[in-house]
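Engineer: Make a model of this:
(6 chains)
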Number of protein chains: 6
Amino acid sequence: MSGLTHFDGKGDAHMVDVSEKAVTTRVAIAAGYVKMSRETLETIIEGRAKKGDVLGVARLAGIMGAKKTSELIPLCHPLPITKVAVELSPDSDLPGIMIEATVKTTGQTGVEMEALTAVTTAALTLYDMVKAVDKSMVISDVRLILKEGGKSGRYEAK
Amino acid sequence: MSGLTHFDGKGDAHMVDVSEKAVTTRVAIAAGYVKMSRETLETIIEGRAKKGDVLGVARLAGIMGAKKTSELIPLCHPLPITKVAVELSPDSDLPGIMIEATVKTTGQTGVEMEALTAVTTAALTLYDMVKAVDKSMVISDVRLILKEGGKSGRYEAK
Amino acid sequence: MSGLTHFDGKGDAHMVDVSEKAVTTRVAIAAGYVKMSRETLETIIEGRAKKGDVLGVARLAGIMGAKKTSELIPLCHPLPITKVAVELSPDSDLPGIMIEATVKTTGQTGVEMEALTAVTTAALTLYDMVKAVDKSMVISDVRLILKEGGKSGRYEAK
Amino acid sequence: MSGLTHFDGKGDAHMVDVSEKAVTTRVAIAAGYVKMSRETLETIIEGRAKKGDVLGVARLAGIMGAKKTSELIPLCHPLPITKVAVELSPDSDLPGIMIEATVKTTGQTGVEMEALTAVTTAALTLYDMVKAVDKSMVISDVRLILKEGGKSGRYEAK
Amino acid sequence: MSGLTHFDGKGDAHMVDVSEKAVTTRVAIAAGYVKMSRETLETIIEGRAKKGDVLGVARLAGIMGAKKTSELIPLCHPLPITKVAVELSPDSDLPGIMIEATVKTTGQTGVEMEALTAVTTAALTLYDMVKAVDKSMVISDVRLILKEGGKSGRYEAK
Amino acid sequence: MSGLTHFDGKGDAHMVDVSEKAVTTRVAIAAGYVKMSRETLETIIEGRAKKGDVLGVARLAGIMGAKKTSELIPLCHPLPITKVAVELSPDSDLPGIMIEATVKTTGQTGVEMEALTAVTTAALTLYDMVKAVDKSMVISDVRLILKEGGKSGRYEAK
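Structural biologist: Have a look, this model is predicted:
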């Protein structure tokens, strides 16, 4: 297959051999958002001001989700993650919550999947906590923003 | 907080008590898609025709992801899932892959989160397998389509 | 062995057969505390007032820890937990943080271990978050407070 | 917050960036005990002499618990553990069982949490196996004894 | 496909819908063995007589492995296991160790996979503990011995 | 005990200290097979030709199983696996499916257990997917074929 490295010559899935790749510092940033009604967003923001920290719980779930990446994604290599940060920001234009995750490792392969998994896990957790008042929220635009380190070099989303 | 059941009277997060809820059959369907360039979609479709089954791997990951939901989402109840099906369909208009997951349980709470987690895990896996040829794919429009069973009744996305 | 039900007649460890036990509502409450210097306690309390919610993170870890009980304790049965609540209260007399966890299930065996695991996981997480300023904190007095439901009946700590 | 490194400038929890820290050999020793009645302790000791090895099961659970640390403690880094030993010794003065865990790694951050988690998991398992005869056992005095390696240097409990 | 229920009409893998199946008591017994040289078997037996309980560790791993079945086998349903027992018996004719696992549940599907997983996990653990003295051990004859309960009825190996 | 390194001087199980061992590239190959009736083998082969890819699902389960090794085998060290490949080949003489797994790491200890776990997990998954038509399949001859790297050097099965 043209370039699909997760399959061998016979087309069988395998976990790619990275043992010859250099151990370097690698970073990835992913983003996405949860869109919701203006009322739902206000409920979340008010909750934070007072108590009932939806964003705090979602952030923690995102961080822990990054650590579960190689369990969730079948052909992903286990990696010694050295940093995870997940930022959730209310955006009243959307309206909704913007999510951005940054993951670092010192390893033989990149952490794009870890950053993307942090974003989707934070988004799912946010949905879970708010679904009693709004089931129509939508998770969208989950994508890689930046990737640095490793042989394939730097990638930046346009 | 107005209706955010995952917080108690003091605003502290807790896992809601469902022990008095009836054990009934519950179903949830969630959907979403991975958008990509026309070339990338063709690579996936060709791979399937020949060998190198990206969609088969993503489907399996989605099914297994549904089983991990209560580990990923902090306040989610563990549930005896009785069915998971994940469908991935190429859509040349998008262009990309449409994903739909159906989950059933016979339990005391719903499986919305399990269906949504199946969709995002399948989408992430698809991204992982194809990212060597295209890093600009976007996961979007992940949402609940249908929910049946339980006290809060039927929900259908508009 | 006199009463050690986790061993069979030959003294070999096994997971006790509970298939004949009734499915009933069962509750367990466990408690414990993390003792620390007065300065450390003040750092935690101030953090909460402002931002940096040590207790919120520890509470969530306790709830998620309860769900991991049957993975951690070799002979523990997996159980469909129906409620988990973890309360962390600063106590300036100790000085330190009191922890209390309540767990419920509708199942064939009790949730004492789930409640105790919630307490120790919350305590360990609290230690982790504060250890940069104080490594001499001590986790103590982790014990079962109350157990209700099931054939062996009610237990209340003296 | 004064010194609470697990929060960023805004007070949001994150997994601290350790990618610039040196890869060195790091050791941690933690300890604690399970206090019980003299009769319960005798039941355990007799069981070992004959058959029904409570301490053997608890030791194994402690070792496996250390490997689960980064799953249990939200902001803990996953680490390639290179050694775990858990010692359980009956103490008739207590009366009860003393627990001591030693963990090593060659990594970018310490193994204090792994050693503490080994102790609490062994203690919880011991409780589980003996609770049919004694529910009033108490887990106490779980603390860090020694920590070596890494920039913050050596720590020894007084 | 003729009878392969894990695939739907289109040939796509899915987790079979068991939500209409009756909740009944189900039992499965699986067996297998680890074959080794006479010297290796003697090392294990001597170890048990003295100290260093290879069989005790393998038994516990088998019990815990049964609880991990639905994580390991992609299309397996999560089940509330109600009993696990694993028996390891030295057999000097083989020479080697015979392994037999019995698993029970009260659920909507059987526990054949749980019993088989208990056997292979115990066998792998035994291999791990003894491989420093003998790498040529072979795990063989892992099979289902008995299955009772559920619509498909009783199965007994010939 | 003569050579059983997983026990200390007192005969207590421990996770061996590998912190002084060199970080080198290590490879292990393990193999085994699932024996079945000629009819069952034909069902699998036909399924592949058409749709319903039993071998593809088993292969993926084997790869993911390798990543779970240190969770399943109590005294196994967690390792940064750098490659996993699992090959399943129909063998009409057996009749059945031959399984071979290759695992690589760059670490301080070998990957024999990872390769063996990949084989048994693939075999169990194969059994699970086909058991509706044939419960008498047998998993046999699971053994280490090759091991390279590390102080104990090369091992090749005779």
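Engineer: element containing the residue in chain A that chain E sits nearest to, please.
Structural biologist: Residue nearest to chain E within chain A (Cβ to the nearest Cβ): residue A:71, separated by 8.4 Å. C-beta: built from backbone N, CA, C; applies to glycine. Assigned by DSSP states H and E, residue A:71 belongs to helix A:69-72.
Engineer: Tell me how far the helix or strand following that helix lies from the chain's centre.
Structural biologist: Counting by DSSP H and E, the element after helix A:69-72 in chain order, helix or strand, is strand A:81-91. In terms of Cα atoms, centre = their mean, to the nearest Å, the centre of strand A:81-91 is set 9 Å apart from its chain centre.
Engineer: same thing with stretch A:75-95?
Structural biologist: Distance of stretch A:75-95 from its chain centroid, counting by Cα atoms, centre = their mean, is 4 Å.
Engineer: what does chain A put close to chain D?
Structural biologist: Contacts of chain A with chain D, taken as Cβ under 8 Å from any Cβ of the partner chain, map to A:25, A:56, A:59-60, A:63-64, A:66-68, A:78, A:80-87, A:104-106.
Engineer: same thing but 10 Å
Structural biologist: By Cβ under 10 Å from any Cβ of the partner chain, the residues of chain A that approach chain D are A:23, A:25-27, A:55-56, A:59-61, A:63-64, A:66-68, A:70-71, A:78-88, A:102-107, A:118.
Engineer: List the buried residues of the lowest-mean-pLDDT helix or strand in chain A.
Structural biologist: In chain A, no helix or strand scores lower on mean pLDDT, DSSP states H and E than helix A:38-49, which sits at a mean of 85. In terms of neighbour count (16 or more other Cβ atoms under 10 Å in any protein chain shown), helix A:38-49 has its buried residues at A:40-41, A:43-44, A:47-48.
Engineer: residues in contact with that helix?
Structural biologist: A:34-37, A:52-56, A:58, A:88, A:90-92, A:94-97, A:126, A:129-131, A:133-134, A:136-137, B:1-4, B:7, B:11 (Cβ atoms under 10 Å, 6 or more residues apart in numbering or on different chains).
Engineer: try it again with 7 Å
Structural biologist: Helix A:38-49 is touched from outside by A:53-55, A:90, A:92, A:95-96, A:130, A:133-134, A:137, B:1-2, B:4, with contacts defined as Cβ atoms under 7 Å, 6 or more residues apart in numbering or on different chains.
Engineer: got the CA positions of that helix in PDB?
Structural biologist: What follows is helix A:38-49, C-alpha atoms only, in PDB (Å, rounded to 0.1, in the frame of the first residue of the first chain):
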ATOM      1  CA  ARG A  38     -25.300  29.200  24.700                       C
ATOM      2  CA  GLU A  39     -27.300  28.200  27.800                       C
ATOM      3  CA  THR A  40     -25.200  25.100  28.300                       C
ATOM      4  CA  LEU A  41     -22.000  27.000  28.000                       C
ATOM      5  CA  GLU A  42     -23.300  29.500  30.600                       C
ATOM      6  CA  THR A  43     -24.200  26.600  33.000                       C
ATOM      7  CA  ILE A  44     -20.500  25.400  32.700                       C
ATOM      8  CA  ILE A  45     -19.000  28.800  33.200                       C
ATOM      9  CA  GLU A  46     -21.300  29.600  36.200                       C
ATOM     10  CA  GLY A  47     -20.400  26.200  37.700                       C
ATOM     11  CA  ARG A  48     -16.800  27.000  37.600                       C
ATOM     12  CA  ALA A  49     -17.200  30.400  39.100                       C
END
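Engineer: close enough to count as contact, residue A:13 and residue F:59?
Structural biologist: Yes - look at residue A:13 against residue F:59 with Cβ atoms under 7 Å: they come within range, at 6.3 Å.
Engineer: Compare those two and say which is more crowded by neighbours.
Structural biologist: residue F:59 (27 against 23; other Cβ atoms under 10 Å in any protein chain shown).
Engineer: Does the more buried one lie in a helix or a strand, and which?
Structural biologist: According to DSSP H and E, residue F:59 maps onto helix F:54-67.
Engineer: for chain A, longest helix please?
Structural biologist: Secondary structure of chain A read by DSSP state H shows that its longest helix is helix A:112-130.
Engineer: and the angle for that one with helix B:112-130?
Structural biologist: Compare the direction of helix A:112-130 with that of helix B:112-130 by axes from the mean of the first three to the mean of the last three Cα atoms, to 10 degrees and you get 170 degrees.
Engineer: what about residue A:103, distance to residue A:29?
Structural biologist: Separation of residue A:103 from residue A:29 (Cβ to Cβ, to the nearest Å): 8 Å.
Engineer: Residue A:28 and chain B: what is the separation?
Structural biologist: Spatial separation of residue A:28 from chain B under the definition Cβ to the nearest Cβ, to the nearest Å is 10 Å.
Engineer: What average pLDDT does stretch A:116-136 get?
Structural biologist: For stretch A:116-136, mean pLDDT is 96.
Engineer: Surely residue A:27 and residue A:148 touch.
Structural biologist: Yes - with contact defined as Cβ under 7 Å, residue A:27 and residue A:148 form a contacting pair (4.7 Å).
Engineer: before we move on, back to that, quick check: neighbours shared by residue A:13 and residue F:59?
Structural biologist: Shared contacts of residue A:13 and residue F:59, defined by Cβ under 7 Å, 6+ apart, are absent.
Engineer: Residue A:27 and residue A:148: who's more crowded?
Structural biologist: Remark: of residue A:27 and residue A:148, residue A:27 carries more neighbours, 22 against 16, as counted by other Cβ under 10 Å.
Engineer: tell me the secondary structure for the more buried one?
Structural biologist: Following DSSP: H, G, I helix; E, B strand; the rest coil, we place residue A:27 in the strand state.
Engineer: ok, it - contacts?
Structural biologist: A:102, A:104, A:148-149.
Engineer: Is it bridged to anything, and to what?
Structural biologist: Residues in a beta bridge with residue A:27, per DSSP bridges, are residue A:104, residue A:148.
Engineer: Next one: residue A:157 relative to residue F:155, how far apart?
Structural biologist: For residue A:157, the distance to residue F:155 - Cβ to Cβ - is 48 Å.
Engineer: cool, residue A:40 as well?
Structural biologist: For residue A:40 relative to residue F:155 (Cβ to Cβ), the value is 61 Å.
Engineer: Equivalent analysis for residue A:23, please.
Structural biologist: Shown here: residue A:23 relative to residue F:155, a distance of 27 Å by Cβ to Cβ.
Engineer: repeat for residue A:35
Structural biologist: Taken as Cβ to Cβ, the span from residue A:35 to residue F:155 is 57 Å.
Engineer: Distance-wise, check residue A:107 relative to residue F:102.
Structural biologist: 21 Å.
Engineer: Residue A:91 now?
Structural biologist: 48 Å.
Engineer: more neighbours, the two?
Structural biologist: Neighbour count, other Cβ under 10 Å: between residue A:91 and residue F:102, residue F:102 has more, with 23 against 13.
Engineer: Could you give the secondary structure assignment for the more buried one?
Structural biologist: From three-state DSSP, the assignment for residue F:102 is strand.
Engineer: In this structure it contacts residue F:85, no?
Structural biologist: Yes - counting by Cβ under 7 Å, residue F:102 touches residue F:85, with 4.8 Å between them.
Engineer: so who does the residue lying closest to residue A:15 once chain neighbours are set aside touch?
Structural biologist: Nearest in space to residue A:15, with sequence neighbours left out and distances taken as Cβ to Cβ, 6 or more residues apart in numbering or on different chains, is residue F:84 at 4.1 Å. Counting by Cβ under 7 Å, 6+ apart, residue F:84 touches A:14-15, F:63, F:66, F:103, F:118.
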